[in-house]
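Chemist: Build me a model from this:
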Amino acid sequence: MTQFTDLALAKPLLRALADEGYATPTPIQAQAIPGVMAGRDLLGIAQTGTGKTAAFALPILHRLAADKRQAPRRSCRVLVLSPTRELATQIAESFRTYGKHMGVTVTVVFGGVKYGGQMRAMAPGVDVLVATPGRLLDHLQEKTISLEGVETFVLDEADQMLDMGFILPIRRIVKHIPRQRQTLFFSATMPAEIEKLGSEILGPDPLKVSVTPQATTVEKVNQRVLFVEQPRKRALLAELFDDAGFKRVIVFTRTKRGADRVARGLEQVGVDAAAIHGDKSQGQRERALAQFKAGEVRVLVATDIAARGIDIDAVSHVVQYDLPNVPEAYVHRIGRTARAGADGSAVAFCSDDERNLLKDIERVSRQRIPSFDRRNDRQLGAATAAMPDVGGKPERPAQPHRGGHQTKHNRNHAGGKTGRERQEGQQPRSAGGGQGAAPKRSSGGNGGGGFKGPRRENRGGVWSNH
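Modeler: Here you go, the predicted structure:
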């Protein structure tokens with residue numbers, strides 16, 4: 001079986017992969033990385049759960065490591081286009097994680113926030129820019145970002161771009177990119193219009209890779225959704241642990257503070273728990289993982305980014321206290337159980353505010369998840385009222401991103417969104433969020449009762465590690 005060490009990746013990348021606990025590439029990574037490292041264009045037909053982000057991030061970073069030239073001012077060496085702010089933030093965090101030992105500069109730009117911070121981050125030039133089409137096009141029109149330095153262009157989730165009406169903006173963006181470039185094109189499906197777009201922007205002989213997701217993960221995990229009011233999630237979580245079958249459990253939350261509150265709440269009802277997220281030191285994360293592996297704590301509460309690299313075979317259950325804003329994350333989460341041939345179960349809580357997120361998850365994972373309604377459960381209500389508080393202000397519930405059709409560009413100088421930003425499904429600037437090692441990555445909060453936490457500040461819609 002191919003190992004990452006067999007792919008001739010730069011030593012800083014192998015070190016970062018070892019830090020994350022990754023040793024074996026997924027099929028798309030094993031097929032794509034050598035060709036991309038060699039400079040070939042790529043057409044990747046890859047669905048959720050295949051590991052495609054690392055399939056392009058690792059070879060791109062390898063090429064950056066071999067040639068450390070500075071990007072031109074206001075420009076970038078690598079451009080990644082993503083349909084939504086949540087996915088863009090996840091991709092940027094992946095580049096930071098894999099490139100942490102090589103000093104790579106990464107900036108993410110999306111709509112719904114002010115332009116100033118993004119302009120300042122881009123001013124000196126960056127290695128990697130991850131952007132949503134609408135906001136990037138605005139910057140190009142205002143000449144606050146230039147694409148003259150782009151050496152590698154990645155178009156991710158092309159079919160979702162089509163669904164959201166972004167094909168025309170993408171064609172306009174491509175006109176700003178040098179013709180002499182490497183292009184990596186990814187789509188889960190290949191409708192006629194996407195095939196046409198691919199033929200327009202790819203070179204004459206792209207490497208073609210087609211990998212289906214490991215559907216067995218979805219199929220072999222016993223899944224269920226519990227509909228529950230946001231304030232009653234805490235009591236419902238405690239109730240689950242009355243079942244002795246919940247032996248070794250990972251609970252996912254959307255925010256770092258949410259992870260801490262869930263862990264404290266479980267401790268208060270007598271369930272040993274530890275939390276891991278980006279605000280914890282490396283030593284704290286290692287101790288929490290060691291305790292969980294050794295069975296000293298029954299529950300590991302984690303954010304999505306912090307859970308990357310966790311490789312524990314005997315996880316009996318995965319509980320999603322908050323549904324993820326990005327459907328792909330649902331599959332990654334449930335993949336933490338049912339490993340090495342073992343059985344596994346996944347339970348997801350869904351409040352009324354999360355119904356659209358559930359619809360997205362079922363659409364992307366191509367399944368209807370069995371659901372049970374606990375919203376009017378009197379016993380659960382009584383248990384909620386009797387539970388002690390663990391402090392914190394309420395967080396605003398998550399608002400799912402939505403696609404739309406093209407709208408006329410008309411910026412509101414009082415701080416409103418452009419038509420393209422509305423189309424990208426951006427949430428208001430005041431919405432809370434953030435998870436794992438990333439700064440604030442998505443709107444939303446983790447729920448009610450004692451587990452509610454304060455909203456986090458959005459720092460301008462741009463995070464750069466200069």
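Chemist: contacts and neighbour counts: CA atoms only from here.
Modeler: Fine.
Chemist: Contact partners for Ala57?
Modeler: Ser94, Phe95, Tyr98 (CA atoms under 8 Å, 6 or more residues apart in numbering).
Chemist: If we use 7 Å, what do you get?
Modeler: Going by CA atoms under 7 Å, 6 or more residues apart in numbering, Ala57 touches Phe95.
Chemist: And the closest residue to Asp156 other than its chain neighbours, which helix or strand is it part of?
Modeler: Once flanking residues are discounted, Asp156 sits nearest to Phe186: 5.0 Å by CA to CA, 6 or more residues apart in numbering. Assigning secondary structure by DSSP states H and E places Phe186 in strand 182-187.
Chemist: Could you give me the buried positions within the very next helix or strand once past that strand?
Modeler: Downstream of strand 182-187, the next assigned helix or strand under DSSP H and E is helix 192-201. Within helix 192-201, the residues scored as buried using 16 or more other CA atoms under 10 Å are Ile194, Gly198, Ile201.
Chemist: which ones are touching the second one?
Modeler: For Gly198, the contacting residues are Phe185, taking CA under 7 Å, 6+ apart as the criterion.
Chemist: From Ser187, how far out is it?
Modeler: Note on Gly198: its distance to Ser187, by CA to CA, to the nearest Å, is 10 Å.
Chemist: Over to the first one?
Modeler: Look at Ile194 and Ser187: by CA to CA, they are 8 Å apart.
Chemist: Report the set of residues contacting both of the two.
Modeler: Shared contacts of Ile194 and Ser187 (CA under 7 Å, 6+ apart): Ala158, Asp159.
Chemist: Would you map out the domains in this protein?
Modeler: Domain ranges of the chain: 4-211, 215-386, per automatic domain parsing.
Chemist: circling back to that earlier point, show me the contacts for the residue nearest to Asp156.
Modeler: Applying CA under 7 Å, 6+ apart to Phe186 gives the contacts Leu43, Gly44, Ile45, Ala46, Leu155, Asp156, Glu157, Ala158.
Chemist: which parts of the helix or strand harbouring the first one are buried?
Modeler: This points to Leu43. Using DSSP H and E, Leu43 maps to strand 42-46. Residues Leu42, Leu43, Gly44, Ile45, Ala46 are the ones in strand 42-46 that count as buried (16+ other CA under 10 Å).
Chemist: Give the partner strands of it in its sheet and their orientations.
Modeler: strand 182-187 (parallel), strand 207-211 (parallel) (DSSP bridges).
Chemist: now that strand against helix 192-201, angle please.
Modeler: 160 degrees (axes from the mean of the first three to the mean of the last three CA atoms, to 10 degrees).
Chemist: Off-centre distance for strand 42-46?
Modeler: 19 Å (CA atoms, centre = their mean, to the nearest Å).
Chemist: for stretch 182-191, same thing?
Modeler: With CA atoms, centre = their mean, you get 19 Å for stretch 182-191.
Chemist: now swap in stretch 139-158 and tell me
Modeler: Counting by CA atoms, centre = their mean, stretch 139-158 is centred 21 Å from the centre of its parent chain.
Chemist: any low-confidence regions in the chain?
Modeler: Scanning the chain with the threshold set as pLDDT under 70 gives 1, 47-49, 212-218, 282, 305-306, 308-311, 340-341, 380-466.
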